[in-house]
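Undergrad: need coordinates for the below:
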Amino acid sequence: MLVQEIENEGLESLMGKKVTLFCANYFYTGILIGVNETCVKLEKPEIIYETGSFSDSKYKDAQSLCVDFFYVQKSFIESFGVLK
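TA: Here you go, the predicted structure:
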């Protein structure tokens with residue numbers, strides 16, 4: 001099977017969008033504004049303590065980290081995407 005790397009796919013394809021990161025210990029959400037070899041940068045970051053139903057328009061308990069930007073280590077991201 002041939003593996004083909006596609007430019008601007010994965011995290012890079014979500015730049016400028018509000019993403020949710022499912023990480024080893026916590027879930028985070030915010031606007032993805034940066035991606036490099038080791039981390040991602042979120043604008044208006046929130047930590048998600050309780051998701052509630054994924055069909056709801058908002059998370060049940062997502063709290064602002066009260067900073068403009070926050071970095072998350074890529075090595076701890078298990079999955080990611082645009083959910084809410």
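Undergrad: what does the pLDDT read for the closest residue to Cys39 other than its chain neighbours?
TA: Leaving aside its chain neighbours, Cys39 sits nearest to Tyr71 (4.7 Å; criterion: C-beta to C-beta, 6 or more residues apart in numbering). All C-beta atoms are positioned from the backbone trio N, CA, C, and that covers glycine. For Tyr71, the pLDDT comes out at 98.
Undergrad: would you say Tyr71 is within a helix?
TA: No: Tyr71 is assigned strand when assessed by DSSP: H, G, I helix; E, B strand; the rest coil, not a helix.
Undergrad: tell me, how many residues neighbour it?
TA: 13 (other C-beta atoms under 10 Å).
Undergrad: ok, it to Tyr28 distance?
TA: From Tyr71 over to Tyr28 the distance is 10 Å, taken as C-beta to C-beta, to the nearest Å.
Undergrad: again with Tyr59
TA: 11 Å.
Undergrad: any shared contact partners between the two?
TA: Common neighbours of Tyr59 and Tyr28, counting by C-beta atoms under 8 Å, 6 or more residues apart in numbering, are Glu46, Ile48.
Undergrad: tell me which helix or strand the closest residue in space to Leu14 that isn't next to it in sequence sits in.
TA: Distances taken as C-beta to C-beta, 6+ apart place Leu32 nearest to Leu14, at 5.2 Å, with adjacent residues excluded. In this assignment (DSSP states H and E), Leu32 forms part of strand 27-35.
Undergrad: can you list the strands that that strand pairs with?
TA: strand 18-23 (antiparallel), strand 39-50 (antiparallel) (DSSP bridges).
Undergrad: thank you kindly, that will do.
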